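Q: Just a sequence and a predicted model for now, questions to come.
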Amino acid sequence: MELTDSLLEVAAERCRVMTGEMLNGIVHNLNNPVHALTMQTELLRNSLNKEGLDALRPNLLEKCTRLERVAQELKSQLDTLSWRDTYVNPTRQLINPAHFGSWLLQFWQGDLLFKHNVAATLSTDPPPPHIQTVPLALTWCLEEPLSALMSILGSSNVQGTPDLTLKLTLEFGPLPDGGLAVRMTTTSKADLRGLAGEIRHVQELRELTSALGWDWSANLDQGMLSVRMAVPGKGEQGG
């Protein structure tokens, strides 16, 4: 099957929609360290205006450490946002799956719902190969099912469910031919039977992955998600 521009346009539009839906949560998270920086800077300034500065030195050093920690948190969140452009690029590029997987989970954890209800882990053992692929397609194939899962968790009748937290595992590994094997699954202690959900644009996802020569499948049933994908190609081992 031929990869058409229309398929990539659908993928790009869906990735833009998902970013927009998470914007409020991301902005909220960025406001937290900004507020902390402002507050700690004001406290530090007030301390510097007091007499007996030598006696206050340990306290001032502690405040500086707090400021550095908040600044690192802010930088980490901004770095995660900046990588979004790279991983929704429609042109074929060499991808490090370990970095991509870490970025994907960090980006989605910028959404407040994900942060509160999903405990995510990344598995890269054995180490996956670097692979030439279309970043936009890789992102969409995982984000579309994640979006459907988040919709279920966001429903009003689920919020009061005991032990609601899902354990989400994202696994990347090598295929025998040097390609990339991807698996994303969720487990939960909560009884989620009866929860309905639908992964949108499944037909387009199948067409896109077929055009790329990928084997992709996804299932969202009873509130549990399973995604499997094989990205063939001659992988390159990363250092």
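A: Noted; the coordinates are in hand.

Q: what ranges do the strands span in this protein?
A: 93-95, 118-123, 131-133, 166-174, 180-188, 215-221, 224-231 (DSSP state E).

Q: Turn those into TSV, including distance to P145.
A: Any C-beta I mention is one placed from the backbone N, CA and C, and that applies to glycine too. Converted to TSV, these look like this (distance: least, CB to CB, whole Å):
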stretch	distance to P145
strand 93-95	19
strand 118-123	13
strand 131-133	18
strand 166-174	11
strand 180-188	7
strand 215-221	5
strand 224-231	5
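
Q: Out of those strands, which is closest to V34?
A: Of all the strands of the chain, strand 118-123 sits nearest to V34, with 24.9 Å by CB to CB.

Q: List of residues touching that closest one?
A: 98, 101-102, 105, 108-109, 114, 153, 165-173, 186 (CB atoms under 8 Å, 6 or more residues apart in numbering).

Q: State the distance from M39 to P33.
A: Distance of M39 to P33, given as CB to CB, to the nearest Å: 11 Å.

Q: now swap in D221 and tell me
A: Following CB to CB, the distance that separates D221 from P33 is 38 Å.

Q: These two: which has the busier surroundings?
A: P33 (19 against 12; other CB atoms under 10 Å).

Q: Surely the more buried one and V70 touch.
A: Yes - P33 lies in contact with V70 (CB atoms under 8 Å); the separation is 4.7 Å.

Q: tell me the average confidence for stretch 127-134?
A: Stretch 127-134 shows a mean pLDDT of 94.
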